[in-house]
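sequence plus predicted model, see below.
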Amino acid sequence: MANYELEILDGDRAGEVMPVGGAAVRVGRKAGNDLVLADEKTSGVHAEIVLEGDRHVLRDLGSTNGTFLDGKRVTEMVLTDGDVVTFGRLRVRFRSAGGPPPADAGELAVRRLDAGRLSRRGGGSLGLLAALLVVGLGAAGYLWWQGRDGGKEDGPRPRQRAPLAVAGNRLAAPVASCDAEEGWNLRAAGGGFQPSTRGHTGSGGFEALRAETKDAPDFALATLREAVAVFGGRAVRVAAHVQTQGGAQVAVRAVCFANNEQVPFRFRRGTPLQGAEGWQRVEVALAVPAGCDRLQVELVAVLPSAEASALVDDVAVVEGGDAVPIEQKLGESNQTLLGTGAAVAVRSVDPESPATLLDVLPGSVPPALEGLHRAGLGAMSDLGLGLAVTATERSFEFAAEGADDLMLVFPAEAAGGLMLTGDDDAFAAAAAEAEARTTRLVLGDRSTRALLRFPAPTTCRGQLGGGRYRLRVQTGRFELVLGFRSERQQAAELVREAARLQAQAQPGQALDSLRQLVRQLPMDSEMLGQAQVLRAALLAEQAAALRELQQNLDEAEFFDTRGGFERVVHGVDDLVARFGEGNLEDAAGTLALRARAAARLQAIDTAEVAARRQRLLDLAKAFADTQQAGLARVVEAYVQQHLEVR
């Protein structure tokens, strides 16, 4: 493959040449670029040139003023020998290496001496002195360019060190050295990393830079292409050398998981996200949790501005150390807490629903970390937070040191049976994504049923998405209760009592027992399910009685019979007496049915009274007409006393 180079055609560095090899070349105004163009119209990180197969591809990285070829703006193109590309206001030629040499500077790469201008300043020794001055300045510039940190490392670098070799490193040398993209997925998430000629050792490292576009990602994530095989219970150390600029923060993390895709647990732990002036070595020590047989390395950077950059080099994965995994089992429920440091999860006893709790994360993070955590790629270790867990006979007590709120991550199915207590300390069903303030909350189903208990009233808000139910709680302390032996016994007794009352035709009292179970003891899914089946049967009986009363009312209205309306009124009264007004599924509709029947019954009675009154008044008048005044007065008195219209 032919060798190429870039020749600067404009500006103070016109004539300088930079070789283009296999590593990516970043072009921009910032000092961290491989080719630095000091022009205000050139973006901090303007473009890059990468080798793809046997072709060099130029990509604009979202620059403000654009990249141009022959006056046309380009975003991505394959370079050919002789192409002149404009970055901002400066032109650079892409050409075969070993093109026409400079007139008189040789390796100093000073390509242009303005002989006309020098001759006008004077001849003889003065002109010679000026020429020597220009050549000297060119030499000094060239030496500075070759020797500065972050210079063109594809050319000779006298101070370059051999790639760092770490004894026992589980990563192959080409992967560990970070000199090329081999073995890495540099664009795993966010803005990703890029190969760079700036490295701790060897010929380069990986660099994360934020593009200048408005919606550019503010974080970068790189991972190994193939995870490292590990053994549960073994101690492991993951280390790297890092360096940051412009407010960037960087971390190296280990993610332990099972090669079996049916196992949902992923334990993410790393060094805290922080800045690093100059090259610094960072390391995270952990023990592989039980059930995990793979370890993924993550390189993470947060980039708060376009001026931020983060470098990573010399990555190592080494077995050994004092770390021990977390494995605590509850005596009452046999559920197990697994983890490594602040990365924990709770495994249920059901192979088909193995996860009760998937993760505990910070509920809020500094603004610079929000993009990373919003993408579901955060960890407790990002903030350097510790998580203490104490096991009792039936629960795990969590305390996150330094955290005011937490994000608890459950499987999405956990939100289906959500119930929480209100001001009356009674449980009631709640919407999965509602916000509420409570001291107790139950969720999950059967083997994953769990009670969250908080030391004080706590605001909780749920969010469903991506197969997860994330519950944010405004506290750093909570108890996860997973054993419900006592509550199950009490709930079973209430179910038996309700069944007995149903058999004795006391449906209202049966429903009262079931309501007590739901409001006070909803922790056991099986007992709660039995209660719901029995309640449904009692309410079906109530609904059937109500339908019969509705039919009676329809018939009474059709025939307009007093007896029909009386049956409806008495029937509703009996229904309320048997079930209790508080147990009516449709109390308003039931009472409205009675009101309709009672109103028509009153209308019938009023009409009958009016007719009788009129007959007696007619009789009294007849007595008066036949000069039987005494009888007339007796009839009128009766009407006034017993049949007065009100």
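Cool, the structure landed. Numbering: from 1, shown residues only.

strands along the stretch 151-300 of the chain, start to end?
Using DSSP state E, counting those that start in this stretch, the strands assigned to the stretch 151-300 of the chain run over residues 184-190, 194-196, 205-209, 219-224, 228-229, 235-245, 249-257, 266-270, 280-287, 294-302.

out of those strands, which is closest to F478?
Ranking these by their distance to F478 (criterion: CB to CB) puts strand 266-270 first, at 19.8 Å. (Each C-beta comes from the backbone N, C-alpha and C, glycine too.)

parallel or antiparallel, list what pairs with the closest one.
Sheet pairing of strand 266-270 (DSSP bridges) gives strand 249-257 (antiparallel).

and the angle from the partner strand to strand 219-224?
Put simply, strand 249-257 runs at 40 degrees to strand 219-224, going by axes from the mean of the first three to the mean of the last three CA atoms, to 10 degrees.

quick one, strand 249-257 and strand 235-245 angle?
Using the same axes, to 10 degrees, the inter-axis angle of strand 249-257 relative to strand 235-245 is 150 degrees.

state the mean pLDDT of strand 249-257.
Model confidence over strand 249-257 averages 98 on the pLDDT scale.

now swap in stretch 309-323 and tell me
Per-residue pLDDT over stretch 309-323 has a mean of 95.

stretch 91-105 now?
Averaging pLDDT along stretch 91-105 yields 69.

now for R547: which residues touch it?
Neighbouring residues of R547 by CB atoms under 8 Å, 6 or more residues apart in numbering: there are none.

how about it, secondary structure?
For R547, the reduced secondary structure class is helix; criterion used: DSSP: H, G, I helix; E, B strand; the rest coil.

which pLDDT value belongs to it?
Predicted confidence (pLDDT) for R547: 95.

how much space between it and A505?
For R547, the distance to A505 under the criterion CB to CB, to the nearest Å works out to 19 Å.

about what we covered before: which of the strands of the stretch 151-300 of the chain sits closest to A165?
Ranking those by their distance to A165 (criterion: CB to CB) puts strand 235-245 first, at 13.1 Å.

what packs against that closest one?
strand 249-257, strand 280-287, strand 294-302, strand 309-319 (3 or more CB pairs under 8 Å, 6 or more residues apart in numbering; DSSP states H and E).

buried residues in the last one?
Residues of strand 309-319 classed as buried by neighbour count (16 or more other CB atoms under 10 Å): S309, A310, L311, V312, D313, D314, V315, A316, V317, V318.

so what's the gap between it and the chain middle?
Distance, stretch centre to chain centre, for strand 309-319: 26 Å (CA atoms, centre = their mean, to the nearest Å).

ok, that strand: who's next to it in the sheet?
Sheet pairing here is set by DSSP bridges, and for strand 309-319 it gives strand 205-209 (antiparallel), strand 235-245 (antiparallel).

among those strands, which is the most enclosed?
strand 205-209 (a mean of 29; mean count of other CB atoms under 10 Å).

kindly format the C-alpha coordinates of it as PDB.
As requested, C-alpha coordinates have been extracted for strand 205-209 and formatted as PDB (Å, rounded to 0.1, in the frame of the first residue of the first chain):
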ATOM      1  CA  GLY A 205      -4.000   4.900  22.700                       C
ATOM      2  CA  PHE A 206      -7.800   5.500  22.600                       C
ATOM      3  CA  GLU A 207      -9.300   8.900  22.900                       C
ATOM      4  CA  ALA A 208     -12.800  10.200  23.500                       C
ATOM      5  CA  LEU A 209     -13.600  13.600  22.100                       C
END
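
quick one on the thing from earlier: just the buried residues of strand 309-319 now: which is nearest G291?
The shortest gap between G291 and any of these belongs to V317, at 19.5 Å (CB to CB).

which residues does the closest one bridge with?
V317 forms beta bridges with V238, as assigned by DSSP bridges.

that one is in contact with A235, isn't it?
No - the pair formed by V317 and A235 falls short of the contact definition of CB atoms under 8 Å, at 11.8 Å.

quick revisit: export the buried residues of strand 309-319 as JSON lines, with columns for distance to E283.
Supplementary listing: the buried residues of strand 309-319 in JSON lines, determined by distance: CB to CB, whole Å:
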{"residue": "S309", "distance to E283": "22"}
{"residue": "A310", "distance to E283": "17"}
{"residue": "L311", "distance to E283": "17"}
{"residue": "V312", "distance to E283": "13"}
{"residue": "D313", "distance to E283": "14"}
{"residue": "D314", "distance to E283": "12"}
{"residue": "V315", "distance to E283": "11"}
{"residue": "A316", "distance to E283": "8"}
{"residue": "V317", "distance to E283": "11"}
{"residue": "V318", "distance to E283": "9"}
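
between the residues you listed, which sits nearest D424?
Set against D424, the nearest of the buried residues of strand 309-319 by CB to CB is A310 (52.7 Å).

distance of the closest residue to that closest one other than its chain neighbours from Q249?
Spatial nearest neighbour of A310, chain neighbours left out: A301 (3.7 Å); criterion: CB to CB, 6 or more residues apart in numbering. From A301 across to Q249, the span is 7 Å (CB to CB).
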